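> Can you look at this prediction? I've put the sequence above it.
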Number of protein chains: 2
Amino acid sequence: MALVYDGAIQRLIDAFAKLPGIGPKGAQRIAFYLLSASDEESQNLIDAIDEVKTKVRFCEVCGNVCESSPCPICADPRRDRGVICVVEEVKDVMSIERTHTFRGLYHVLGGAINPMAGVGPESLNIPKLLERLKEDGGVHEVILALNPNIEGDATTRFLSALLRPSGITVTRLASGLPVGGDLEYADEITLGRALEGRREA
Amino acid sequence: MALVYDGAIQRLIDAFAKLPGIGPKGAQRIAFYLLSASDEESQNLIDAIDEVKTKVRFCEVCGNVCESSPCPICADPRRDRGVICVVEEVKDVMSIERTHTFRGLYHVLGGAINPMAGVGPESLNIPKLLERLKEDGGVHEVILALNPNIEGDATTRFLSALLRPSGITVTRLASGLPVGGDLEYADEITLGRALEGRREA
């Protein structure tokens, strides 16, 4: 007898093992946890998955996720409509919001230029960004908040060249030592960027 | 605005973050994965959770999980009814089955004695084991396959003392060096047990 777990448990393990960051052992642990969990807890998980799939959509303006389009950030009259922060993914919006230092709007590209993975500028949500800048003449700054890696840097250079002729100020996030970091453990590229970007003390 | 994610996404992240081995970052990653996944894949996950909660139960004989009680192992006429292997958890049944070296029956205790966590012998599925041994006079060996840690050892000693008077042979798994292991990296307790349990070469 090769199969030890009865069908339903194995199917649940397989379903969880397909999710990112969950291996076969973790999926098994979760399956047994759910088996012993209250019906209320398992139903809560089912409802949450179902709700996200039926209710959540992407904001027509910025590409953020929302239950009503435009999203709460685009619809908020207190946000500064003169600054658009361009990010790769929806979760980056959350990361920047958590800093409580940005009060403008966002634009989610849906990724970064990565020729190795076949992602060119045409795969990204760039036309909509150009449309926003054209239609809303009040935007005076675009902050390119892409990941500080090869793909993010390539996308930053591409967008910077694309937007600069329009006369809008195009900025990028500072690279340097992370706060609480240690010179000794900084990699040479980060330390190099921190030196290049040095400011008067 | 403190909330950035709209309600449904946050509820899904919270639901996943409650599962064992998934932290807030992992839950966020899974939520966005499901958001972009096909309806078929998310429905498959929902169905798998629902199916396990409605179909799967515990075997009345051995405590293993199954869709029909007794479980396929207890019901299999080719298994040796003279040997019962006692394990802590249902997943241990799977681990032992994978070795393909055991053809007897199982008994799942549902844990191990752990006074610090308030788990005494009375919390474990021990009465049912005694009943099985009494009713089915044909059992000649009980293998105590508990985890090689403090709780497992305490449970092994407890069960060994409890069962020995009945005249049934009570054995435990060998402790020693893992196959493919290295003397240099073995901890002293494991190495000590390997010495104690040495066999003629």
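Yep, it's here. Numbers count the residues shown, from 1 in each chain, chains lettered A, B, ... in the order given.
> Apart from its neighbours in sequence, what residue is nearest A:Cys59?
Nearest residue to A:Cys59, sequence neighbours excluded (CB to CB, 6 or more residues apart in numbering or on different chains): A:Cys71, at 3.7 Å. No exception for glycine: its C-beta is placed from N, CA and C like everyone else's.
> From what I see, that neighbour and A:Arg57 are in contact.
No: when contacts are counted by CB atoms under 8 Å, A:Cys71 is not listed as touching A:Arg57 (9.4 Å).
> rewinding a little: could you count how many residues lie near the residue nearest to A:Cys59?
Using other CB atoms under 10 Å in any protein chain shown, A:Cys71 has 26 other residues around it.
> Repeat that for A:Ile143.
Neighbour tally, A:Ile143, other CB under 10 Å: 20.
> That one in helix, strand or coil?
Classification of A:Ile143 using DSSP: H, G, I helix; E, B strand; the rest coil returns strand.
> Please compute how far stretch A:33-51 lies from its chain's middle.
Put simply, stretch A:33-51 sits 27 Å off its chain's centre (CA atoms, centre = their mean, to the nearest Å).
> need the longest helix for chain A.
Identified as the longest helix of chain A according to DSSP state H is helix A:39-55.
> if you average pLDDT over it, what comes out?
Rounded to a whole number, the mean pLDDT of helix A:39-55 is 93.
> and the next element down the chain from that helix?
The first helix or strand that comes after helix A:39-55 along the chain, using DSSP states H and E, is strand A:57-58.
> The next helix or strand after that next one vs chain B: in contact?
Later in the chain than strand A:57-58, the nearest helix or strand by DSSP H and E is strand A:65-66. Yes: residues of strand A:65-66 contacting chain B under CB under 8 Å from any CB of the partner chain: A:Val65, A:Cys66.
> list the buried ones in the helix or strand that comes right after strand A:65-66?
Scanning forward in sequence from strand A:65-66 by DSSP H and E, the next helix or strand is helix A:72-75. Under the neighbour-count criterion of 16 or more other CB atoms under 10 Å in any protein chain shown, helix A:72-75 has A:Pro72, A:Ile73, A:Cys74 buried.
> how close does the last one get to B:His140?
With distances taken as CB to CB, to the nearest Å, A:Cys74 is found 74 Å from B:His140.
> OK, contacts around the most centrally placed residue in chain A?
Centroid check for chain A by CA atoms, centre = their mean gives A:Glu89 as the closest residue, at 2.4 Å. Taking CB atoms under 8 Å, 6 or more residues apart in numbering or on different chains, we find A:Glu89 in contact with A:Val108, A:Gly110, A:Gly111, B:Phe32.
> in chain A, which spans are strands?
A:57-58, A:65-66, A:83-87, A:105-108, A:141-144, A:169-172 (DSSP state E).
> Would you enumerate the residues in contact with A:Ala8?
B:Ala48, B:Glu51, B:Val52, B:Lys55, B:Val56, B:Glu67.
> swap in A:Ser175?
A:Pro148, A:Thr190, A:Arg193, A:Ala194, A:Gly197.
> returning to what we had before: and the contacts of A:Ala8, which two are the farthest apart?
B:Ala48 and B:Glu67 (13.5 Å; CB to CB).
> With adjacent residues omitted, what lies nearest to A:Pro148?
A:Ser175 (5.6 Å).
> Can you read off the backbone torsions of that neighbour?
phi -100, psi 140 (degrees, to the nearest 10).
> starting at the chain centroid, how far to the helix or strand bottoming out on mean pLDDT in chain A?
Least confident helix or strand, chain A: helix A:188-196 with a mean of 82, by mean pLDDT, DSSP states H and E. Taking the mean of its C-alpha atoms, helix A:188-196 sits 25 Å from the chain's own mean (CA atoms, centre = their mean).
> B:Gly21 versus the nearest residue to A:Phe102 once chain neighbours are set aside, what's the distance?
Leaving aside its sequence neighbours, A:Phe102 sits nearest to A:Ile96 (CB to CB, 6+ apart; 5.4 Å). Distance of A:Ile96 to B:Gly21, given as CB to CB: 28 Å.
> Likewise for A:Arg164?
47 Å.
> Okay, buried residues for stretch A:86-96 please.
So for stretch A:86-96, counting by 16+ other CB under 10 Å, buried means A:Val86, A:Val87, A:Glu88, A:Glu89, A:Val90, A:Lys91, A:Asp92, A:Val93, A:Met94, A:Ile96.
> With neighbour numbers in mind, choose between B:Ala48 and B:Glu67.
B:Ala48 (22 against 16).
> So that one is in contact with A:Leu12, correct?
Yes: the pair B:Ala48 and A:Leu12 qualifies as a contact (CB under 8 Å) at a distance of 4.3 Å.
> Please look at A:Ala186 and A:Leu177 and confirm they touch.
Yes: with contact defined as CB under 8 Å, A:Ala186 reaches A:Leu177; the gap is 5.6 Å.
> Where does the prediction get shaky in chain A?
A:1-6 (pLDDT under 70).
> make it 50
Counting by pLDDT under 50, the low-confidence segments of chain A come to A:1-3.
> Break it down into its domains, please.
Listed by automatic domain parsing, the domain ranges of chain A are A:8-55, A:79-200.
> winner for burial among these?
domain A:8-55 (a mean of 18; mean count of other CB atoms under 10 Å in any protein chain shown).
> Please report the distance of A:His140 from chain B.
23 Å (CB to the nearest CB, to the nearest Å).
> Excluding chain neighbours, what is closest to A:Ile22?
Going by CB to CB, 6+ apart, A:Ile22 has A:Phe16 as its nearest residue, at 5.5 Å.
> Check the gap between the one you found and A:Glu131 for me.
The gap separating A:Phe16 from A:Glu131 is 40 Å, by CB to CB.
> what do you get for A:Ala17?
Noted for A:Ala17: a distance of 41 Å to A:Glu131, by CB to CB.
> State the phi and psi torsions of A:Pro148.
phi -80, psi 60.
> can you check A:Glu67 too?
phi -100, psi -10.
> Touching, it and A:Phe58? I think so.
No: counting by CB under 8 Å, A:Glu67 sits too far from A:Phe58 to count as a contact (11.0 Å).
> Does at least one residue of the longest helix of chain A sit close to chain B?
Yes: using CB under 8 Å from any CB, helix A:39-55 comes into contact with chain B via A:39, A:41-46, A:48-53, A:55.
> which strands and helices sit next to that helix?
Packing partners of helix A:39-55 (3 or more CB pairs under 8 Å, 6 or more residues apart in numbering or on different chains; DSSP states H and E): helix A:24-36, helix B:7-17, helix B:24-36, helix B:39-55.
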